[in-house]
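**Student:** okay, predicted coordinates and the sequence, questions at the end:
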Amino acid sequence: MKCFNHHDRDAFGICSVCGKGLCLECMEKVNDIITCKNPICKNKAKQMRLWRIILIILIFVGILLILD
């Protein structure tokens with residue numbers, strides 16, 4: 001797969017939000033999530049991380065309630 005922005009370069013990652021192939025220059029890590037440099041994708045990645053944390057907390061609380 002080639003980079004979405006640089007068609008002559010190989011992609012080393014895929015944006016977890018929009019799915020574009022990205023070279024090392026074009027990809028960014030936001031909270032351990034690979035995204036492109038598009039501000040919308042970066043913001044969405046932050047939201048995804050927040051929802052993941054909320055889900056983990058809810059599962060943990062649910063397990064504690066079941067064990068009581």
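**Tutor:** Now that the structure is in, tell me what you want to look at.
**Student:** and the residue of the chain positioned farthest from its centre, how far from Gly62?
**Tutor:** Relative to the mean C-alpha coordinate of the chain, counting by C-alpha atoms, centre = their mean, the farthest residue is Asp68 (35.2 Å). Separation of Asp68 from Gly62 (C-beta to C-beta, to the nearest Å): 11 Å. Placement of C-beta: from N, CA and C, glycine included.
**Student:** likewise for Lys46?
**Tutor:** 25 Å.
**Student:** pull the helix or strand with minimum mean pLDDT from the chain.
**Tutor:** Sorting the helices and strands of the chain by mean pLDDT, DSSP states H and E puts strand 27-30 at the bottom, at a mean of 87.
**Student:** what segments of the protein are helices?
**Tutor:** Ranges of helices in the chain, per DSSP state H, are 39-67.
**Student:** pick out the residue closest to the middle of it.
**Tutor:** Ile33 (3.4 Å).
**Student:** please list all residues in contact with the closest residue to Met27 other than its chain neighbours.
**Tutor:** With C-beta to C-beta, 6 or more residues apart in numbering as the criterion, Met27 has its nearest non-adjacent residue at 4.4 Å, and that residue is Gly13. For Gly13, the contact set (C-beta atoms under 8 Å, 6 or more residues apart in numbering) comprises Gly21, Leu22, Met27, Ile34.
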